[in-house]
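Asks: Below: sequence and its predicted model.
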Amino acid sequence: MKYDILLFDADDTLFDFKKSEKEAFLSTLKDYGLEEHKSVYFDTYHEINTKIWKEFEEGKITQSVLKIERFQRLKEALCGDFQAEDFAERYMDHLAEASFPYEESHELLQKLSGKVRMGIITNGLKKVQRKRIRQSVLSHYFEAIVISEEVQVSKPDERIFELTLDLLGEAPKDRILMVGDSLGSDILGGIRFGIDTCWFNPRSKINKGEIVPTYEIAHLHEILNLL
C-alpha cells in the first residue's frame, strides 16, 4: 500500500450533507408553520450559509457565532418571524438526526478496513457531528473522528491534522493522504500540513485557483487505484 493513513472529510465526501441539510431545514420550517415558503427560505439560507462558512474558513468568524449568525442573516433577509437562536437550536437538533452516508462510502471503507488506518477531520459543530458521524454505520471504520468545534481549530489550519495524527499514531508524511471535496479547506489544509491530497470532485468543477491537489477523482472507489 502506498499510504498507511487515510484522512477523510465527512460532509459531501463520505456523507450526503446536501440531503441532510435540506431535510433538517424543511423540518425546522415545519416547526414554525413556514413550509409553504420552503423554496425561497431554503434558497436564501443556502446562499447565506455558503458565504458564512467561507468566512469561517478565512478566519473572519468563529463557529460559536456562525451557528446563530446565519439564521440572523436569514431573518433579516426575509423579515422572518422567528428568533435566530431558537431557529438555530431546532435546526441543529434536526440535522443531528439526518445522517445519510453515500452508498459508495460504505463499499470503499469495507475494502480499506484492516489495510490502512483511517480518520475523519470535519469542520463541523459538535452537537451535530457527534451524532451524525459517531452514531453512523461508518463510524467503526475510523480510529479518530476529529470535530473542529471540539478541538477549537479547523481546516485548513495544519494544527487540526497534527491533533488527528496524535490520535492515529505516527507515520511519515509521505505515507498519509487527505481526501475531501473542498479545495479551500481539505486540500489546502493537507498541503499546509505537508501531505498528499485527493480532491473528490464528483461534479467535475473547474479548478481556477492556485490550490493544486495531488490527485483528483470523480468517484470514491477511484481511491483504491491510488493505493
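Replies: Everything's here; your move. Numbering: from 1, shown residues only.
Asks: Just give the nearest non-adjacent residue to residue 145, would you?
Replies: In space, and not counting its chain neighbours, residue 145 is closest to residue 120: 4.7 Å by C-beta to C-beta, 6 or more residues apart in numbering. Any C-beta I mention is one placed from the backbone N, CA and C, and that applies to glycine too.
Asks: Show me what the helix or strand the one you found falls within is in contact with.
Replies: Per DSSP states H and E: residue 120 is located in strand 117-122. For strand 117-122, the surrounding residues in contact (C-beta atoms under 8 Å, 6 or more residues apart in numbering) are 4-11, 14, 109, 112, 129, 133, 141-148, 155, 160-161, 164, 167-169, 171, 178, 186, 189.
Asks: And stretch 137-147, by the same measure?
Replies: Contacts of stretch 137-147 (C-beta under 8 Å, 6+ apart): 8, 14-15, 101, 105-106, 109-110, 112-113, 117-122, 124-126, 129-130, 133-134, 160, 163-164, 167-168.
Asks: From the chain's centroid, how far away is it?
Replies: Stretch 137-147 sits 13 Å away from the centroid of its parent chain (C-alpha atoms, centre = their mean, to the nearest Å).
Asks: what do you get for stretch 42-51?
Replies: 16 Å.
Asks: So which bits of that stretch are buried?
Replies: 42, 44-45, 48-49 (16 or more other C-beta atoms under 10 Å).
Asks: which one is residue 26 nearest to, not counting chain neighbours?
Replies: Among residues not flanking residue 26 along the chain, residue 38 sits closest, at 5.7 Å (C-beta to C-beta, 6+ apart).
Asks: What of residue 172?
Replies: Nearest non-adjacent residue to residue 172, counting by C-beta to C-beta, 6+ apart: residue 4, 7.9 Å away.
Asks: okay, now the one you found: neighbour count?
Replies: Residue 4 has 17 neighbouring residues, counting by other C-beta atoms under 10 Å.
Asks: Give me the phi and psi angles of residue 82.
Replies: Main-chain torsions, residue 82, degrees, to the nearest 10: phi -160, psi 160.
Asks: Same question for residue 74.
Replies: When quoted as degrees, to the nearest 10, the phi and psi of residue 74 stand at phi -60, psi -50.
Asks: ok, now residue 191?
Replies: Backbone geometry at residue 191, expressed as degrees, to the nearest 10, gives phi -60, psi -40.
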